[in-house]
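Q: Structure, please.
(chains A and B)
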Amino acid sequence: MILTSCIYLTFLAVLLLMYYIFPKKIQWFLLLLFSLAFIVFSTSNISVYFYIAFVVLTSYIGSNLIGKAKSKKNKKTIQFITVVIMVLQLVILKYINLIGTSTVNIINIFGANLNWNMLEIIVPLGISFYTLIAIGYVIDVGRENVIPQKNIFKHTLFVLYFPQLTSGPFTRYPEMEKELYEKHTFKLENICLGFQRLLWGIFKKLVISERLAVVANTIFDNYTEYSGLGIVVGAVAFAIQLYTDFSGCMDIVLGTSQTLGVKLPENFNTPFFSRSIPEFWRRWHITLGAWFRDYLYFPLGGSRKGTIRTYINLMIIFLVSGIWHGTAWTFLIWGALNGIYSCLDRIINKNLAPILDRLRRFLGINKERNLYKFWQMLVTFALTCFAFIYFRAETVIQANSMVKNLFKINISVGNIGLSVSDLIIAILGIILLFIISVLKQKYDIRKEISKQHIIIRYAIWIILISSILIFGYYGIGYDASNFLYQKF
Amino acid sequence: MKILKSILGIIIFLIILVFVMLKLGDFVIPEWNDEWLNTSTVKNFYDLDKNSIDVFAVGSSHIIKGFSSLELYKNYGISAYGLGTEQQSLMNSYAWVKESLKTQNEKVVLLEAHMLFEETPEPQNRKGMDNMKLSFNKIECAYYDSIQRNSFENFASLIFPVLRFHSRWNEVLAGENENTVQPVNYRGYSLSNEVCGNQDYVTLDESVTSEREFFWDYEKLLVKFINYCKNNNLNLIIYKSPDMDWDMERYNAVKRVADANDIPYIDFNLESLSKEIDFLYAADCELLNHLNIYGAQKVTNYLGKYIKEHYDIPDRRNDPNYDYLDEQLEQYEYAVENAKLVNIFEPAQYIEALKSNNFTVVYVKNNLINDGSANFSQMIDKLGFDINKVNKPNYYAIVEGGKIIAEEGSDAPLKIDTKIDDGKNLKINTEEASIFFQGSERSNKHQGFDIMIYNNKTDNVVESGYINFENGITTMGR
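A: Reported below is the predicted structural model:
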């Protein structure tokens, strides 16, 4: 089910009616029913139901066995087996073809003539999300941070809670236990703020992201025709497209959840205002970063096992993050680039900090000046966009070619695929997004709006909805794509 | 109390939102300004005076091209309206009948049967629905349609067309809707003078006894439609226009349902009826299997006669409340006259037709050869021209309502700059056989008399033609 569709909004409206009219004690059960209905509406493929049930049952049985195990060793063993089973399922479903073709290609280098027949596997929507949520939960149970949920229905709801099912955020059981299973009273504020956020998410996706997708697709699909500024425009368009797409999706998810009174963790915090790559990763896909930190980086030793191990661990995290995003070498390189950026940042800011400070003093650069901060933001944004070339390109060859052409001097952008009127709408949308992002640094905009007179509030709502209805890329005449992160 | 206030706030907001969404829909819905008249037919329907129609026809393009309301008024004094839209679905026809009863109290409903066996494509369906005002009838129709198409999105966009047409926002801002000129809409009738000449049409093979299945759930819906009409004292007549695609299996299916529900069914594809109305497919139909003006007159007049004989429908011709129908009829008849003129291929008939009171005809001589024969003199005489002037190398004439208002023959080339029909610019150049009218060259520059025929009543150039004399014979062409 597409989160920007009429069906989804109707689905939510029906749930909300039942959710607040029916007795509060069955609210969590309604959420479960609607989460299952969401899956059924999204796919009719029986094998997908099986894969989902497999993750739910494996994590349920594993966590309860861990809970019952007497010794720590037994707990660890069960935890290990459960996690391995779930990781294996994920690897088989998502990566078997990549592993197969890559292995065959490597063997063929040595003179063999093998062929990998691509397996036709239907990868369930959002598998990377709910599998990682379930793995995190099992690890938390193993660490005795969490008492396993004995009610299988409640457990199922935690893993498959529909707003987060396809794109996250990655939730943790302790924070969700209270949110999902407790009774929620109808609060107009929740409904208003929730829908406000949901609509803002739809605006970002349908008005901004889909237009920029046209630009990015035009340039990336015809990359040989572009160089210099054309490639820059393509990379920047894709960066903003991805941001508005994913953060828009998160706004819909969090907004939906807010209408139900269920608070989900934030996943974005104006990442393009970051002044360094590590900061970018603390503000972009926050819950994924936190997941990797808690369940991979720390178990690997984090930064406590010496400088070299720290760099190795950082590289591992980003390589895994890269491959988590997609089954192609381009994602691995994108992850590697971000790993390298992070390592370099660490080297510069930790090991070379005194030299840098002296250099700044010598050049008379004041770190606290806005211009310097802006420069840092610009450099971070440029590095991010550069890495995104690999993220968006279909093949490594394409990405390399684009990078090569990036450094050719050409100030002509070429055809960007958008009409002038659509380009104006896209630019106005980005300006609005920028203004809101700046204001967000100082104010809670949604709260501020809610304090305004009812006529102003209604006017804001109506303008926002009208903008989506008129300028949105949806329905016949437009080919609005699904959310990018649902593929991962 | 606080919850009630909250709910009230939400309801008020939703009402405002619905209003805004409907208005945005009005902003982006396309104007279908082609020969099928979809938009204007619906809009004109809503502009009808309250309780002003006695016969209401619904259906597909066979209504648009085959049912002439003004023909009914002219010959039977019946006030009728045809709400045909392209490939109108049965649920849409049903909805329009229900919608009509909000403002009208018609006594007879005509349902053209073509679409009972056909699926209406989504774009065509929109043409019959998008301009229907939001009502329970529209919601019910959208519901049926969405069930049939198994598309909830379709339902939502039928109620709120902005969801379907929003991508047109920049076209609307560029003023695309206003740039197109719509053909004249004669109470739901689109006049066509095209003649197909197709000889392949055959009437129904009445030996066939099998039936074709109705489309989707249409048999049930048709019975529902019939019952609705009965319950509301509407006399429903199902009829089928002459149609190349119709067959006996469809006839049998419709006939069975009509008989079972005691509803008249008139099928013009039956041999007996086809003969009775003297129907000739080649002459009475246009290329795309629809009736032209000749066919529409035959079918409509038969329906009018049937309605008059079977139902008590008042004659509105002398009712001052219906004077506007006389005005519409006048315009309609001018248009019919125009339409029929272009199908005349016999010179004598053509010359007679040009003498109509409504026409201003401009003649320019172009290398016309006088062979001195009696036939030539006869031709000039029929046209009413002065043969001495015609014999000059340069000649032109302007004839208004059959009377010559200007005629000149000269040895030297003539260049005339004048005005006709209250100030419309006309330039004639005999040397080039040019008739330059309202910014366009209207002469075919053919040998003989080049002619431009302008209708003063409908304010348009009907056609450019010529009358020639060759080898002792008068010829014509266009």
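Q: how about the nearest residue in space to residue A:376 that is not next to it in sequence, what does it touch?
A: The shortest distance from residue A:376 to any residue other than its chain neighbours is 3.8 Å, reached at residue A:275 (Cβ to Cβ, 6 or more residues apart in numbering or on different chains). Quick note: C-beta positions are derived from backbone N, CA and C, even for glycine. Residue A:275 sits next to A:373, A:376-377, A:380 when contact means Cβ atoms under 8 Å, 6 or more residues apart in numbering or on different chains.
Q: Among the residues you listed, which one sits closest to chain B?
A: Distance to chain B across those (Cβ to the nearest Cβ) is lowest for residue A:377, with 33.9 Å.
Q: Quick one, grab the pLDDT at that closest one.
A: Note for residue A:377: predicted pLDDT of 95.
Q: quick one: secondary structure of it?
A: When classified by DSSP: H, G, I helix; E, B strand; the rest coil, residue A:377 comes out as helix.
Q: For it, which non-adjacent residue is spatially closest?
A: residue A:275 (5.6 Å).
Q: Report pLDDT for the one you found.
A: 93.
Q: go on, residue B:138?
A: pLDDT, residue B:138: 96.
Q: check contacts around the closest residue to it other than its chain neighbours.
A: Of all residues not flanking residue B:138 in the chain, residue B:132 sits nearest, at 4.9 Å (Cβ to Cβ, 6+ apart). By Cβ under 8 Å, 6+ apart, residue B:132 lies in contact with B:42, B:95-96, B:99, B:138, B:141.
Q: try 7 Å this time
A: Shown in contact with residue B:132 (Cβ atoms under 7 Å, 6 or more residues apart in numbering or on different chains): B:42, B:95, B:99, B:138.
Q: try residue B:382
A: Residues near residue B:382 by Cβ under 7 Å, 6+ apart: residue B:351.
Q: Secondary structure element holding it?
A: Using DSSP states H and E, residue B:382 maps to helix B:374-383.
Q: coming back round to it: tell me the secondary structure at the residue nearest to residue A:377.
A: coil.
Q: Number of residues surrounding the residue of chain B found nearest chain A?
A: Closest approach of chain B to chain A (Cβ to the nearest Cβ) occurs at residue B:167, with a separation of 3.3 Å. Number of residues near residue B:167 (other Cβ atoms under 10 Å in any protein chain shown) recorded here: 18.
Q: Ramachandran angles for residue A:283?
A: Torsion angles at residue A:283 (phi, psi; degrees, to the nearest 10) stand at phi -110, psi -10.
Q: Identify the spatial nearest neighbour of whatever residue of the stretch 301-450 of chain A ends up closest to chain B, chain neighbours not counted.
A: Closest contact between the stretch 301-450 of chain A and chain B, by Cβ to the nearest Cβ, is at residue A:421 (4.2 Å). For residue A:421, ignoring the flanking residues on the chain, the nearest one in space by Cβ to Cβ, 6+ apart is residue B:170 at 4.2 Å.
Q: in a helix, that's where that neighbour is, yeah?
A: Yes. Counting by three-state DSSP, residue B:170 is located in a helix.
Q: how does the chain divide into domains?
A: Picking chain A for this. Domains of chain A are assigned by automatic domain parsing as A:6-185, A:190-471.
Q: That was the other one, I meant chain B.
A: Following automatic domain parsing, one gets these domains for chain B: B:2-338, B:346-477.
Q: deepest of those domains, which one?
A: Among the domains of chain B, the stretch with the highest mean neighbour count (mean count of other Cβ atoms under 10 Å in any protein chain shown) is domain B:2-338, at a mean of 19.
Q: Enumerate every residue touching residue 462.
A: As the question left the chain open, I've gone with chain A. B:16-17, B:20.
Q: that's the wrong chain, I meant chain B
A: Residues in contact with residue B:462 (Cβ under 7 Å, 6+ apart) are B:338, B:341, B:453-455.
Q: Export those residues as TSV, with columns for pLDDT and distance to chain A.
A: What follows is the contacts of residue B:462, written out as TSV (pLDDT from 0 to 100; distance: Cβ to the nearest Cβ, whole Å):
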residue	pLDDT	distance to chain A
B:338	89	38
B:341	90	42
B:453	95	43
B:454	95	42
B:455	92	40
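Q: Can you name the helix or strand that residue A:240 falls in?
A: Going by DSSP H and E, residue A:240 is part of helix A:229-259.
Q: likewise residue A:371?
A: Going by DSSP H and E, residue A:371 is in helix A:370-392.
Q: helix or strand right after that helix?
A: helix A:396-406.
Q: So which bits of the helix or strand that comes right after that following helix are buried?
A: Next helix or strand after helix A:396-406 toward the C-terminus (DSSP H and E): helix A:420-442. Applying a neighbour-count criterion of 16 or more other Cβ atoms under 10 Å in any protein chain shown, one finds A:422, A:425-426, A:429-430, A:433, A:437 buried in helix A:420-442.
Q: ok, of those, which one's closest to residue B:375?
A: residue A:422 (68.1 Å; Cβ to Cβ).
Q: quick one: which helix or strand includes the residue lying closest to the closest one once chain neighbours are set aside?
A: Distances taken as Cβ to Cβ, 6+ apart put residue A:211 closest to residue A:422, at 5.6 Å, once the chain neighbours are dropped. Assigned by DSSP H and E, residue A:211 belongs to helix A:210-221.
Q: Does the closest residue to residue A:49 other than its chain neighbours belong to a helix, a strand or coil?
A: What sits nearest to residue A:49 in space, not counting adjacent residues and going by Cβ to Cβ, 6+ apart, is residue A:39, at 7.1 Å. Recorded secondary structure, residue A:39: helix (three-state DSSP).
Q: Could you confirm whether the helix ranked longest in chain B reaches chain A?
A: In chain B, assigned by DSSP state H, the helix with the most residues is helix B:2-28. Yes. Applying Cβ under 7 Å from any Cβ of the partner chain, one finds helix B:2-28 in contact with chain A at B:3, B:6, B:9, B:13, B:16-17, B:20-21, B:24.
Q: unless I'm mixing things up, the residue nearest to residue A:422 is touching residue A:425, no?
A: Yes. When contacts are counted by Cβ atoms under 7 Å, residue A:211 is listed as touching residue A:425 (6.5 Å).
Q: Any stretches of chain B with poor pLDDT?
A: B:176-181 (pLDDT under 70).
Q: need the residues of it near chain A, please.
A: Chain B comes close to chain A at residues B:3, B:6, B:9, B:13, B:16-17, B:20-21, B:24, B:152-153, B:156-157, B:162-164, B:166-167, B:169-170, as judged by Cβ under 7 Å from any Cβ.
Q: about what we covered before: report the two of the contacts of residue B:462 separated the most.
A: B:341 and B:454 (11.7 Å).
Q: any chance of the contacts of residue A:462 in TSV, plus distance to residue B:255?
A: Listed next are the contacts of residue A:462 as TSV, based on distance: Cβ to Cβ, whole Å:
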residue	distance to residue B:255
B:16	51
B:17	49
B:20	49
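Q: Out of the residues you listed, the closest to residue A:264 would be?
A: Out of the contacts of residue A:462, the member with the shortest distance to residue A:264 (by Cβ to Cβ) is residue B:17, at 26.3 Å.
Q: dump the residue contacts of residue B:24.
A: By Cβ under 7 Å, 6+ apart, the residues touching residue B:24 are A:466, A:469-470, B:162.
Q: separation between it and residue B:14?
A: 15 Å (Cβ to Cβ, to the nearest Å).
Q: what's the residue lying closest to residue B:121 once chain neighbours are set aside in contact with, if anything?
A: Leaving aside its sequence neighbours, residue B:121 sits nearest to residue B:87 (Cβ to Cβ, 6+ apart; 6.6 Å). Residues in contact with residue B:87 (Cβ under 7 Å, 6+ apart) are B:60-61, B:115, B:118, B:120-121, B:124.
Q: coming back round to it: quick one: contacts of the helix or strand just after the longest helix of chain B?
A: For helix B:2-28, the succeeding helix or strand toward the C-terminus, using DSSP H and E, is helix B:38-47. With contact meaning Cβ under 7 Å, 6+ apart, helix B:38-47 is reached by B:31-33, B:81, B:83-86, B:127-128, B:131-133, B:182, B:185, B:188.
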